[in-house]
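Student: based on what follows, work out the 3D shape:
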Amino acid sequence: MFGLGSSELIIIAIIIFLLFGAKRLPEVGRGLGQAIKEFRKVKKEVSEESPRLTEENVSKGSQSKEGEIKGGQ
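Tutor: Numbering: from 1, shown residues only. Here you go, the predicted model:
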C-alpha cells in the first residue's frame, strides 16, 4: 500500500485524529469514502467511453480518406 509501513500508518492516523478530533472523524471518513466512490465511477465511465471514442475516430478517418480518394479520381 504505497510503500508505507505500519508505523507510518499509525503516525498518519494519530495526526488525523489530532487535526479533526473524535467527533468529526466519522464525517471525514464518510466524505473520503464518497469521494473515492465518485472517482471510481468517473474512472469507469471514462474507460467505457474510450473504446467508443477510438472506434468513432477510426470510422471518421476512414470516411475522410474515402472522400479524398473519390474526390481525387
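Student: just the helices from this structure, written as ranges.
Tutor: When secondary structure is read from DSSP state H, the chain shows helices at 6-72.
Student: flag the shaky bits of it, pLDDT-wise.
Tutor: Residue ranges of the chain with pLDDT under 70: 1-2, 53-73.
Student: at 50 instead, please
Tutor: 1 (pLDDT under 50).
Student: for Gly5, grab phi and psi.
Tutor: When read as degrees, to the nearest 10, the backbone of Gly5 gives phi -90, psi 180.
Student: what's the burial count for Glu49?
Tutor: By other C-beta atoms under 10 Å, 11 other residues sit near Glu49. All C-beta atoms are positioned from the backbone trio N, CA, C, and that covers glycine.
Student: and for Phe20?
Tutor: Neighbour number of Phe20 under other C-beta under 10 Å is 14.
Student: repeat that for Ile16.
Tutor: The number of residues near Ile16, taken as other C-beta under 10 Å, comes to 13.
Student: hmm, Gly29 and it touching each other?
Tutor: No - Ile16 lies out of contact with Gly29 (C-beta atoms under 8 Å); the separation is 9.5 Å.
Student: anything in contact with each of these two?
Tutor: Common neighbours of Ile16 and Gly29 (criterion: C-beta atoms under 8 Å, 6 or more residues apart in numbering): none identified.
Student: distance of Ile14 from Lys37?
Tutor: Applying C-beta to C-beta, to the nearest Å, the value for Ile14 to Lys37 is 26 Å.
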